[in-house]
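Visitor: I need the structure of the sequence given here:
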Amino acid sequence: MVDSTATLIMILCYVIGTGMIMMEAFIPGFGIAGISGIILEIVAIVLTSTHFGMLWGLIATFAVLLFIGIAVFISYRSAMKGRLSKSALVLNGTEGSVSAAPSLQDWNGREGTAVTALRPAGFIEIDGTRLSASSSGEFLAKGTPVKVTGAEGDHLVIRKI
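Guide: Residues are numbered from 1 along each chain as shown. Presented below is the predicted three-dimensional model:
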């Protein structure tokens, strides 16, 4: 008979490890969540193999690899076509070249719309391009029409129209 504490630990390792790997799929880079998730999955596979036999250990290994493949697929699809593709974290249209992106000064004088609330920093959209921006200290609600007045560092300076 298998110890119920060991079974509970296996289930917790699988569930928490899976959650951490899924969380890592939507966080840029490779960090603590991914490493911890992988370690928990390995512990769960070893415990499964030890308590239920090698066959169930192999089945658990294939299940974990299948899940990781699905998580990578979902993350890739989101980066290409989904919500993540609209994020400032994903470079679009630059072909891997920084020089292909327009200079922030090129946006000067152009008009757009706030796509997030600016408190005073947030994101605006001009001609379908999402850009980081800040107001001169005032709060601007989402959907407010704005005009670019300059650039400061890595963001645009805007004012309400």
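Visitor: show me the contacts for residue 60.
Guide: If a contact means C-beta atoms under 8 Å, 6 or more residues apart in numbering, then residue 60 has 14, 44-45, 48-49 as its contacts. Bear in mind the C-beta positions are built from the backbone N, C-alpha and C, glycine included.
Visitor: Endpoint to endpoint, stretch 118-127 covers what distance?
Guide: With C-alpha to C-alpha, to the nearest Å as the measure, stretch 118-127 spans 19 Å from end to end.
Visitor: and what of stretch 129-142?
Guide: Between the opening and closing residues of stretch 129-142 lies a distance of 16 Å (C-alpha to C-alpha).
Visitor: Quick one: mean pLDDT over it.
Guide: Taken as a whole, stretch 129-142 has an average pLDDT of 89.
Visitor: same check, this time on stretch 14-25
Guide: The model assigns stretch 14-25 a mean pLDDT of 83.
Visitor: Outside of that stretch itself, list whatever touches it.
Guide: Around stretch 14-25, the neighbours that count as contacts under C-beta under 8 Å, 6+ apart are 30-31, 33-34, 36-41, 43-44, 60, 64, 67-68, 71-72, 74-75.
Visitor: Same check on stretch 148-155?
Guide: Looking at stretch 148-155 with C-beta under 8 Å, 6+ apart, the contacting residues turn out to be 104-105, 107-112, 121, 126, 131-134, 156-159.
Visitor: Quick check: next helix or strand after the longest strand that the chain contains?
Guide: Within the chain, and with DSSP state E defining each element, the longest strand by residue count is strand 145-152. Using DSSP states H and E, the helix or strand that directly follows strand 145-152 along the chain is strand 155-160.
Visitor: about what we covered before: now the buried members of the contacts of stretch 148-155.
Guide: For those, a neighbour count by 16 or more other C-beta atoms under 10 Å gives the buried set as 104, 107, 110, 112, 126, 131, 133-134, 156-158.
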